[in-house]
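> Dropping the sequence and predicted coords here.
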Amino acid sequence: MYSSFLIKYGEIGLKGDNRHLFEDALAKRIRVMLSRIDGEFEIVKTRGRIYVHCSGDWKQEETIEVLSRVFGVVGICPVMIFEAGEYDKLQEDMLSYIREEHPDFTGSFKVKARRVDKEFPMTSMEVDAALGEAILDNFPQMRVDVHKPDLLFDVEIRDKIYIYSKVIPGPGGMPVGTAGRAMLLLSGGIDSPVAGYMVAKRGVTIDAVYFHAPPYTSERAKQKVVDLAAILARYTGPIRLHVVNFTDIQLYIYDQCPHAELTIIMRRYMMRIAEHFANAEGDLALVTGESIGQVASQTMYSLVTTNEVAKLPVYRPLIGFDKNEIIDISKKIGTFDTSILPYEDCCTIFVARHPVTKPISEAIVRSEAKLKERIEELVKTAIDTAELILAK
Ligand code: ATP
Ligand code: MG
């Protein structure tokens, strides 16, 4: 029915070259994302607009679904395009648009014309009035409401005539690839995939690292994380996922350190190893799914001690979120059902009954000193044997 979409994007704060970079990046992301589905898509950028023209084997619903996952897209408008001409033709086009699109509509409407082609002999307001009148004459069951119309007919007079009345919301944010890269600590839980989504939404390309502890954690637990990365990749593009075997490090910590400090010390080693891969990937930050007070390892005190070992900034986009709010987002983005699959996590296996909630850095450093004999070698082995999976 429709064979084109007008893509609306946020422009606030985008000026000069930044705006061009943004538009180029957005057009490129749209092209890449649509290349995964059937159909031919032509992406055209003109004067502050991006159009997607669809042909071939394309399906409307599928195309909208893909577009609604492209960060930077604020609205997706199925648009009918008519050849430009005199006013009479414009009026005929408007009426046939309504006959096609809203034949049984009985509510209020408003016409909002925009005359980009200044050659057109009427002003936008004159077009609004004339089209409004023509619509009333032809569809007496409709009425005008210029303040709160049920339907807004957008009419753009450009090289062609573009008419649309529906805006399907997009995710907003910035196109992936406009803001550098970051390393996401991705577990199988609910939080970290959401954290990755939120950072990617700001235009950041995501790499990921997952720590597992075979044979204490299963192949299925690992697969779950690969699956989560693949779901995220539907928004972010392919994710380079580093899978690190953490077993020997965990066992060694378990052996040498007070059990109440296990989680904190493990976290610190996760951060160190994550930072190693982050540096190798050229990432500008680490990202975790932590939120203040959610568990013992996420008190303000614990966050201080885990933070200390990282030189890169650690972004925690969920820091002020309640669990329920995080769950809502994970449902919306499609990670929830996978996150709640009941496979063991490496952190839950060696967890202490009474973990410290107010770790003191000096004490933790003293405990870590007990690891000095073998830890360097174990970390090196963990790094050297890590597996790289491309999740897409
Ligand atoms: P999540 O739901 O993200 O697993 P969580 O509530 O289970 O979070 P923790 O287990 O305390 O919280 O983990 C805090 C953060 O540390 C996670 O959000 C994630 O970023 C990181 N993390 C925890 N375990 C792992 C792991 N096995 N591999 C990679 N990162 C991890
Ligand atoms: Mg977890």
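Happy to help now that I have it. Numbers count the residues shown, from 1 in each chain. Ligands and ions are numbered 1, 2, ... in the order given.
> Sticking with Val52, tell me its helix or strand.
If you go by DSSP states H and E, Val52 is part of strand 49-55.
> So which bits of that strand are buried?
For strand 49-55, burial by neighbour count (16 or more other C-beta atoms under 10 Å) applies to Arg49, Ile50, Tyr51, Val52, Cys54. From N, CA and C alone the C-beta is placed, and that goes for glycine too.
> Pull the most distant pair out of these.
Farthest-apart pair in these is Arg49 and Cys54; separation 16.1 Å (C-beta to C-beta).
> elements contacting the strand holding Val52?
Packed against strand 49-55, as judged by 3 or more C-beta pairs under 8 Å, 6 or more residues apart in numbering; DSSP states H and E, are the following elements: strand 4-9, helix 16-34, strand 40-46, helix 60-67.
> and the angle for the lengthiest strand in the chain with helix 60-67?
Counting by DSSP state E, the longest strand found in the chain is strand 73-83. In terms of direction (axes from the mean of the first three to the mean of the last three C-alpha atoms, to 10 degrees), strand 73-83 departs from helix 60-67 by 140 degrees.
> Quick one: mean pLDDT over whichever helix or strand comes after strand 73-83.
For strand 73-83, the following helix or strand on the C-terminal side (DSSP H and E) is helix 87-101. Confidence over helix 87-101, taken as the mean pLDDT, stands at 95.
> before we move on, back to that, quick one: contacts of the strand holding Val52?
2-7, 9, 23, 26-27, 30, 34, 39-44, 63, 67, 79 (C-beta atoms under 8 Å, 6 or more residues apart in numbering).
> can you give me the strands in the stretch 101-250 of the chain?
108-115, 143-144, 151-157, 160-164, 168-169, 181-185, 205-212, 239-245 (DSSP state E, counting those that start in this stretch).
> Neighbouring strands of the first one in the sheet, and parallel or not?
Strand 108-115 has its sheet partners listed here by DSSP bridges as strand 143-144 (parallel), strand 151-157 (parallel).
> sorry, back to before: just name the most buried of the helices and strands packed on strand 49-55.
The highest mean neighbour count among the helices and strands packed on strand 49-55, using mean count of other C-beta atoms under 10 Å, belongs to strand 4-9: a mean of 22.
> Provide the strand pairings for that one, with the direction of each partner.
Looking at strand 4-9 with DSSP bridges, its paired strands and their directions are strand 49-55 (antiparallel), strand 73-83 (antiparallel).
> out of these, nearest to ligand 2?
Taking C-beta to the ion as the measure, those were each checked against ligand 2, and strand 73-83 came out nearest at 30.9 Å.
> Can you name the residues that contact Arg143?
With contacts defined as C-beta under 8 Å, 6+ apart, the neighbours of Arg143 are Gly107, Ser108, Phe109, Leu136.
> Then Met198?
By C-beta under 8 Å, 6+ apart, Met198 lies in contact with Pro317, Leu318, Ile329.
> quick one: which of these is most hemmed in?
Looking at these with neighbours defined as other C-beta atoms under 10 Å, the largest count falls to Leu318 at 25 neighbours.
> Determine how far the strand holding Val52 lies from the middle of the whole chain.
Remark: strand 49-55 is offset 22 Å from the chain centroid, using C-alpha atoms, centre = their mean, to the nearest Å.
> can you check stretch 9-24 too?
For stretch 9-24, the separation from the chain centroid amounts to 18 Å (computed by C-alpha atoms, centre = their mean).
> Pull the residues that contact it.
With contact meaning C-beta under 8 Å, 6+ apart, stretch 9-24 is reached by Leu26, Lys45, Gly48, Ile50, Gly72, Val73, Val74, Gly170, Gly172, Met174, Pro175, Thr178.
> repeat that with 10 Å
Contact partners of stretch 9-24, identified using C-beta atoms under 10 Å, 6 or more residues apart in numbering, comprise 7, 26, 45, 48-50, 70-75, 170, 172-175, 177-178, 203.
> how many other residues sit next to the residue of the stretch 101-250 of the chain found nearest ligand 1?
Nearest to ligand 1 in the stretch 101-250 of the chain, going by C-beta to the nearest ligand atom, is Gly189, at a distance of 2.0 Å. When neighbours are defined as other C-beta under 10 Å, Gly189 has 20 of them.
> Nearest residue to it in space, ignoring adjacent ones along the chain?
Ser339 (6.0 Å; C-beta to C-beta, 6 or more residues apart in numbering).
> any idea how far Pro317 lies from Phe153?
With the distance defined as C-beta to C-beta, to the nearest Å, Pro317 ends up 39 Å from Phe153.
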